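Visitor: Here is a sequence together with a model predicted from it:
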2 protein chains.
Amino acid sequence: MPQNKDKFLNKILYDGILKGDNTILAKAITLIESSKPEDKKKSVELINSILPKTGNSLRIGITGSPGVGKSTFIDSFGSYLHSLNKKIAVLTIDPSSSISSGSILGDKTRMERLSQLKDVYVRTSPSKGSLGGVGRKTREAILLCEAAGYEIILIETIGVGQSEILIRSMVDILILLIHPGSGDELQGIKKGSVELADIIVINKSDGELKTLAEQTRKNYKNALHLLNSPTDGWCPEVINVSSIYDEGIPEIWKSVENFLSITKSNQSFEKRRQLQKIEWLHKIIEDEILSIFENNIEMKKFIRKIEQNVIKDSESPYSAARKIIAKLILSSKQINIAS
Amino acid sequence: MPQNKDKFLNKILYDGILKGDNTILAKAITLIESSKPEDKKKSVELINSILPKTGNSLRIGITGSPGVGKSTFIDSFGSYLHSLNKKIAVLTIDPSSSISSGSILGDKTRMERLSQLKDVYVRTSPSKGSLGGVGRKTREAILLCEAAGYEIILIETIGVGQSEILIRSMVDILILLIHPGSGDELQGIKKGSVELADIIVINKSDGELKTLAEQTRKNYKNALHLLNSPTDGWCPEVINVSSIYDEGIPEIWKSVENFLSITKSNQSFEKRRQLQKIEWLHKIIEDEILSIFENNIEMKKFIRKIEQNVIKDSESPYSAARKIIAKLILSSKQINIAS
């Protein structure tokens, strides 16, 4: 009986994850990342079963444009946290990979020190199906790592498009990495993301770039006066770091600890977590409704056609809206959600 | 027969608007702003009928925190545009008013010069029912003014909450007014809005504030390097203005003309207008669907209860999502959209 076999496999995954078996954790993440319809039900059941064992980690997002040195920073920061006896997991996206199973090869070279530490878990997910560097299933992967007992989860994202907004809705604290440079040299970075960060790291603050990096820090410090803080009661910090010389790394951790102490005492940590759960719920609802209509080519065509009419002024938005809603309701009557 | 009477009234409104009769224009805006159910159908019909006569104006959004001098700026800028023989309409929100009909009293004192010019139309809507200073029906009011032949429409919004994001989706160009001041003095302004503005005006650049205002201009000019431009091909400008001495006002208009020339030649003007139409369509769809469930107290209670379960971890987001979707579909089967 295939259903019993499924239950048996899920039990193996569940037990393995809770024992902290990294091979099984990797298999579980591969399962939840699978886009095969037959894996969807299994992964929902797995997440449901481990949910009571989650929520106890600190979730740190690390973002920045390509080439800013995210991997080197994570290698240095992660090794430091490891030296403090913290159990670390790292979730990264391999931009070059589009293989459906998580390849570790890229990180062996990208995170030299971390990959040699046996009790650090590094997971590289393929960029395929990810939105601007955040995996489709990053939220679920975080939960699996938590169930496996990891205390600090570092989530690396490429700072492009909407990925920062997405990662912001999954982490407790967001660290943005910035290149030393000022004025026009900053044009290349994803600028809107500054407003989402709790800590801004001027990476590569060493050698010839040291003076420029200090100037950049001051520029950002000033610019932050013009921006809102993403977190209640917390004033974002700007810190110079040299990841290759491990300089500024203890300061980052001190800043994170400060952040935790403030946000846990003013409840904003807990409030954010609660909001994120609601966001996740609504994301699932949205995905489910979308998937109902995604395969409905007729519906998609219909909406596109009506939108074009509205653009060309051949139809008023009011009558267009009415037509679309009527069609939506008509379609929904043919849907059976019970399965 | 009431339906014939409705048609007759709409015909009077339609003809009056197209003739540029300001009294009738005011009546029409009051109608579309009405929240009475019996007025909704009439206003949809009115908007549908005037739609072919719209789209020919330049829509300028003007935002900034309370006390920054928006009314004085509009008085000065509007008078200048009038002196260039432009037909001007001004849509403002009266923060003190919650009367359901548009009161003009506030603006008589707030915009002294403009209110004395007979061919300038100033409409003050009550703040009641508005989201952060943008009226619920500002989009429709813009269309009515366009049908009445106004060439430039200035839309004033109080820079609080989500109002800038909302106004950004309605205008061709957004002007943000800023107080002279720097560093901590800037804490009071709505900071996220900087990124949405095409032109930043340092208002009150006169008298004792003149030096500070010039410094503020430089600070903003530098800070803009860290932010994205809201408009393709346009680099936001920062301009010192003294609204009470009419200084810097011609420079603002020159900047607007520059903006138009660039955005019309690179198509971003037209593309934004098209996107805004689609956004409006989806806003109407959203409103309609919301209104279907808004009166459904049982549904609202159900969603709140399930959200609380998810927050308390007593229910997984997956099963919660499934329950909500099932209920939504069940409810929609009882809805009749044909009316």
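Guide: Received it, and whenever you're ready, just let me know what you need.
Visitor: residue nearest the centroid of chain A?
Guide: By Cα atoms, centre = their mean, the mean C-alpha position of chain A lies nearest to residue A:167, the distance being 3.8 Å.
Visitor: in a strand, that's where that one is, yeah?
Guide: No: the assignment for residue A:167, made by DSSP: H, G, I helix; E, B strand; the rest coil, is helix rather than a strand.
Visitor: what's downstream of the helix-or-strand element of chain A with minimal mean pLDDT, the next helix or strand?
Guide: When the helices and strands of chain A are compared on mean pLDDT, DSSP states H and E, helix A:105-110 comes out lowest with a mean of 53. On the C-terminal side of helix A:105-110, the closest following helix or strand by DSSP states H and E is helix A:112-116.
Visitor: helices or strands up against that following helix?
Guide: Applying 3 or more Cβ pairs under 8 Å, 6 or more residues apart in numbering or on different chains; DSSP states H and E, we find helix A:112-116 packed against helix A:70-83, helix A:105-110. (C-beta placed from N, C-alpha, C; glycine too.)
Visitor: okay if I get these as CSV plus distance to residue B:141 and mean neighbour count?
Guide: Formatted as CSV, the helices and strands packed on helix A:112-116 follow (distance: least, Cβ to Cβ, whole Å; neighbours: other Cβ atoms under 10 Å in any protein chain shown):
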stretch, distance to residue B:141, mean neighbour count
helix A:70-83, 48, 22
helix A:105-110, 55, 16
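Visitor: so residue A:93 makes contact with residue A:167?
Guide: No: using Cβ atoms under 8 Å, residue A:93 is not in contact with residue A:167; the gap is 10.7 Å.
Visitor: what is the mean pLDDT for the strand or helix carrying residue A:217?
Guide: Using DSSP H and E, residue A:217 sits in helix A:210-224. Averaging pLDDT along helix A:210-224 gives 86.
Visitor: quick one: is the helix or strand just after that helix near chain B?
Guide: Heading C-terminal from helix A:210-224, the first helix or strand you meet, by DSSP H and E, is strand A:237-240. No: if you take Cβ under 8 Å from any Cβ of the partner chain as the test, strand A:237-240 misses chain B, and the best it gets is 11.9 Å.
Visitor: could you dump strand A:237-240 to PDB, C-alpha only?
Guide: Extracted in PDB, the C-alpha atoms of strand A:237-240 (Å, rounded to 0.1, in the frame of the first residue of the first chain):
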ATOM      1  CA  GLU A 237      23.800  50.200  12.800                       C
ATOM      2  CA  VAL A 238      26.500  50.500  10.200                       C
ATOM      3  CA  ILE A 239      29.600  48.500  10.900                       C
ATOM      4  CA  ASN A 240      32.900  48.100   9.000                       C
END
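Visitor: Am I right that residue A:200 is in a strand?
Guide: Yes: with three-state DSSP as the criterion, residue A:200 is assigned to a strand.
Visitor: so residue A:318 makes contact with residue B:284?
Guide: Yes: counting by Cβ under 8 Å, residue B:284 is a contact partner of residue A:318 at 6.2 Å.
Visitor: quick one: which of those two has more around it?
Guide: A side-by-side neighbour count of residue A:318 and residue B:284, using other Cβ atoms under 10 Å in any protein chain shown, places residue B:284 first with 22 against 19.
Visitor: Tell me the gap between whichever strand or helix holds that one and the middle of its chain.
Guide: With elements taken from DSSP H and E, the one containing residue B:284 is helix B:268-294. Centroid displacement of helix B:268-294 relative to its chain, using Cα atoms, centre = their mean, to the nearest Å, is 14 Å.
Visitor: Report the rounded mean pLDDT for that helix.
Guide: Mean pLDDT, helix B:268-294: 83.
Visitor: send the alpha carbons of the helix or strand just after it over as CSV?
Guide: Using DSSP H and E, the helix or strand that follows helix B:268-294 in sequence is helix B:297-311. Provided in CSV are the C-alpha atoms of helix B:297-311 (Å, rounded to 0.1, in the frame of the first residue of the first chain):
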residue,chain,number,x,y,z
ILE,B,297,-19.5,38.9,9.9
GLU,B,298,-19.4,35.1,10.2
MET,B,299,-16.6,34.9,7.6
LYS,B,300,-14.6,37.6,9.3
LYS,B,301,-14.9,36.0,12.7
PHE,B,302,-13.9,32.7,11.2
ILE,B,303,-10.6,34.1,9.6
ARG,B,304,-9.7,35.9,12.8
LYS,B,305,-10.2,32.7,14.9
ILE,B,306,-8.1,30.6,12.5
GLU,B,307,-5.3,33.3,12.5
GLN,B,308,-5.2,33.1,16.3
ASN,B,309,-4.9,29.4,16.1
VAL,B,310,-1.9,29.7,13.7
ILE,B,311,-0.3,32.3,16.0
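Visitor: buried residues in helix B:297-311?
Guide: B:299, B:302, B:303, B:306, B:307, B:309, B:310, B:311 (16 or more other Cβ atoms under 10 Å in any protein chain shown).
Visitor: closest to residue A:42 among these?
Guide: Residue A:42 lies nearest to residue B:310 out of the buried residues of helix B:297-311, by Cβ to Cβ, at 21.4 Å.
Visitor: can you pull the contacts of the closest one?
Guide: By Cβ atoms under 8 Å, 6 or more residues apart in numbering or on different chains, the residues touching residue B:310 are A:277, A:278, A:280, A:281, B:316, B:317, B:320.
Visitor: For the second one, which residues are in contact?
Guide: This means residue A:278. By Cβ under 8 Å, 6+ apart, the residues touching residue A:278 are B:307, B:310, B:311.
Visitor: Now with 6 Å, please.
Guide: Going by Cβ atoms under 6 Å, 6 or more residues apart in numbering or on different chains, residue A:278 touches residue B:307.
Visitor: Run through the residues of the stretch 201-339 of chain A sitting next to chain B.
Guide: Selection of the stretch 201-339 of chain A residues close to chain B by Cβ under 6 Å from any Cβ of the partner chain yields A:223, A:225-228, A:274, A:277-278, A:280-281, A:284-285, A:288, A:307, A:310-311, A:316-318, A:320-321, A:324-326, A:329, A:332-333, A:337.
Visitor: Selection in PyMOL covering whichever of these are buried, please.
Guide: With 16+ other Cβ under 10 Å as the criterion, this PyMOL line picks the buried residues out of those:
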select buried, chain A and resi 223+225+226+227+274+277+280+281+284+285+307+310+311+316+317+318+320+321+324+325+329+332
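Visitor: circling back to that earlier point, elements contacting the helix holding residue A:217?
Guide: Applying 3 or more Cβ pairs under 6 Å, 6 or more residues apart in numbering or on different chains; DSSP states H and E, we find helix A:210-224 packed against strand A:199-202, strand A:237-240.
Visitor: The first one pairs with which strands, and in what direction?
Guide: Same thing as strand A:199-202. With DSSP bridges as the test, strand A:199-202 is paired with strand A:173-178 (parallel), strand A:237-240 (parallel).
Visitor: could you dump these to TSV with mean pLDDT?
Guide: Formatted as TSV, the strands paired with strand A:199-202 follow (pLDDT from 0 to 100):
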stretch	mean pLDDT
strand A:173-178	93
strand A:237-240	95
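Visitor: Just name the most buried of these.
Guide: Ranked by mean neighbour count, those are led by strand A:173-178 with a mean of 26 (mean count of other Cβ atoms under 10 Å in any protein chain shown).
Visitor: quick one: contacts of that one?
Guide: Residues from elsewhere that reach strand A:173-178, judged by Cβ under 6 Å, 6+ apart: A:60-64, A:68, A:70, A:168, A:193, A:196-203, A:259.
Visitor: That one to helix A:210-224, inter-axis angle?
Guide: If you take axes from the mean of the first three to the mean of the last three Cα atoms, to 10 degrees, strand A:173-178 sits at 130 degrees to helix A:210-224.
Visitor: Strand A:173-178: how far from the chain's middle?
Guide: Between the centre of strand A:173-178 and the centre of its chain there are 12 Å (Cα atoms, centre = their mean).
Visitor: Low-confidence ranges, the stretch 101-250 of chain A, go.
Guide: Applying pLDDT under 70 to the stretch 101-250 of chain A flags the ranges A:101-109, A:126-135, A:159-163, A:182-192.
Visitor: so how many other residues sit close to residue A:55?
Guide: The number of residues packed near residue A:55 is 14, by other Cβ under 10 Å.
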